Structures are given as C-alpha cells and as structure tokens.
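A.B. asks: Provided below for reference: sequence and predicted model.
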Amino acid sequence: MQSFEFAPKGVCSKKITFDMEDGKLYNVQFTGGCNGNLKAIGKLVEGMDADKVVEILKGNDCAGRGTSCADQLTKAIESCRTA
C-alpha cells in the first residue's frame, strides 16, 4: 500500500492524505475544513476504485470557488498517478 499527501488549493482544508492499493482508496483524511462532511467523504470512498471517485467528485464546487475539498481529492488522486 502506498501513502500520499496533497496540499489542496482554494479550499478550507489544508492537507489531504490517503493510501492507495490496487487502484483503490483507503484511509482518506482531510486536515481542516468542514470536519463532519470531510469525515463522511472519507468513509464513503473507503475501498472504492479511485477512477470511480474521480468520476463522481471531479468538478464539485463549493460556494462558487470553482473547486471544493471533494474536487481537490480528485486532483490529489490524479497527481499521485503522475508521480
């Protein structure tokens, strides 16, 4: 299992960490932001295929910012694939 850390931009959360194994996400955690909602995202995506998570959450907007913590998670997933 490989661990990743991502610094989101344009949102309240300051850090996203997660593990990935065989294309599936585990232990998704956000530092900062809307605590309850972000814990819920972590629980909902636990064990999900990373491609499916990107398909569902990419482009999600928060308060007209053009991004959201969920959208930043998709950017984190995409960036770990190019690393």
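C.D. replies: Sure, I can see it. Residues are numbered from 1 along each chain as shown.
A.B. asks: Specify the residue positioned farthest from the middle of this structure.
C.D. replies: Residue farthest from the centre of the chain, counting by CA atoms, centre = their mean, is G64 at 18.7 Å.
A.B. asks: thought D61 was touching A70?
C.D. replies: No - taking contacts as CB atoms under 8 Å, D61 lies outside contact range of A70: 9.4 Å. For the C-beta atoms, the positions are set from N, CA and C on the backbone; glycine is no exception.
A.B. asks: residue closest to the middle of this protein?
C.D. replies: Most central in the chain (CA atoms, centre = their mean) works out to L73, at 2.2 Å.
A.B. asks: helix/strand/coil for it?
C.D. replies: With DSSP: H, G, I helix; E, B strand; the rest coil as the basis, L73 sits in helix.
A.B. asks: Report whether the expected contact of it with I56 is present.
C.D. replies: No - using CB under 8 Å, L73 makes no contact with I56, being 10.3 Å away.
A.B. asks: Quick one: distance of the worst-scoring helix or strand of the chain on mean pLDDT to the chain centre.
C.D. replies: Least confident helix or strand of the chain, by mean pLDDT, DSSP states H and E, is helix 69-82 with a mean of 93. Centroid separation between helix 69-82 and its chain, computed with CA atoms, centre = their mean, to the nearest Å, is 6 Å.
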